[in-house]
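1. For reference, the sequence and a predicted model appear below.
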Amino acid sequence: MSEWFYRRGSLASGPWQTVVGERPGWQHTGLRVAELTDGPAGTSALGLPADGFERIVVPIAGACTVEYTEPDGAHAVVSLAGRPSVFDGATDVLYLGVGTTAVLTGTGTGTSTVAVAEARAERALPARHVTADEVPVEVRGAGTATREVRNFGIPGVLEADRLIACEVITPSGNWSSYPPHKHDEDVPGVESRLEEIYWFDARPDPAMPGGDDPFGFFATYSSSAGEIDVAAMARPGDVALVPYGYHGPAAAPPGYDLYYLNVMAGPGAERAWRITDDPRHAGVREAWQRQAADPRLPLGTHHPEG
């Protein structure tokens, strides 16, 4: 659709349904998404090279196994239990540091979808398996701006060099990535400069069955850092790239629940997520003090305190 929004399949490369890599104006983050399918006609194994990227393997739907070798020769096999779908709670994930090779395989029980969040990094860190029960689940916002955030890959939860990642669930009729905000300049203690990837999924709201084309809405618009204009219907497998600018809302229309995987990294010395709200919408957060959180959240079965 545009330089910064891509439909499912338009970023396919080899066995990967989606590959976000370096391009003009984009250099810090990456994403790979693919299906692992049993049988001779499917993709039964996916390789990850030893290079300058740190990664987090995120089972989207189903389970997978990761066999990896770190730069010091340490070798291990980790089974990621996953979940039936992104709407069934948090998943366990596996962090892999720079210079680590890995092979992802299915479990022999059908098709699994797996995402690999990436960031260019310098400091080599050891692999870490984060279990679903270790993932802090946050209910953020209030009223129709309530959303669920699964913070498996943020500072304070997972040690990494540059990479920041999380999942967001926005239930039917609610808004997230709201108020519109930006993180496109380094202002110490106030704002971080970070690229951001959104990878979307959606489903019919179980309380309002009948829809067969689940979607959400997503917007990005210009800031002093650059001109950008995205206003799109986001369907399962679509990708939005945010190099700069205010982004939000991500809206789930009545009848459909919305999901997105966020991947962030930037050039700053500090690994931190600091944002600046669009001052034209400054009253939104203040209004949350007078509203209750949406009782539908959190979804799924894994809900540790976060």
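-> Cool, got the structure.
2. going forward, measure contacts and count neighbours with C-alpha atoms only.
-> Noted.
3. Quick check, central residue of the protein?
-> Leu261 (2.0 Å; CA atoms, centre = their mean).
4. Secondary structure element for that residue, which one?
-> Following DSSP states H and E, one finds Leu261 within strand 256-265.
5. Strand partners (parallel or antiparallel) of that strand?
-> Strand 256-265 has the following strand partners under DSSP bridges: strand 164-170 (antiparallel), strand 195-204 (antiparallel).
6. all helices of the stretch 1-150 of the chain, in order?
-> Assigned by DSSP state H, counting those that start in this stretch, the stretch 1-150 of the chain shows no helices.
7. now the stretch 201-306 of the chain
-> Counting by DSSP H, counting those that start in this stretch, the helices of the stretch 201-306 of the chain are 283-288.
8. so where is it shaky, pLDDT-wise?
-> Across the stretch 201-306 of the chain, the ranges flagged by pLDDT under 70 are 300-306.
9. repeat that with 50
-> 301-306 (pLDDT under 50).
10. I figured Trp175 was touching Pro254, is that so?
-> No: here Trp175 lies out of contact with Pro254, judged by CA atoms under 8 Å, at a distance of 10.8 Å.
11. The two: who's more crowded?
-> Taking other CA atoms under 10 Å, Trp175 and Pro254 do not tie; Trp175 has more neighbours (27 against 14).
12. what is the more buried one paired to in the beta sheet?
-> Applying DSSP bridges, one finds that Trp175 bridges with Ala251.
13. who touches it in this structure?
-> 144-147, 249-252 (CA atoms under 8 Å, 6 or more residues apart in numbering).
14. which among those gets closest to Glu138?
-> Arg147 (8.3 Å; CA to CA).
15. which of the contacts of Trp175 lies closest to Phe215?
-> Ala252 (7.3 Å).
16. on that earlier part again, most tightly packed of the strands paired with strand 256-265?
-> Ranked by mean neighbour count, the strands paired with strand 256-265 are led by strand 164-170 with a mean of 25 (mean count of other CA atoms under 10 Å).
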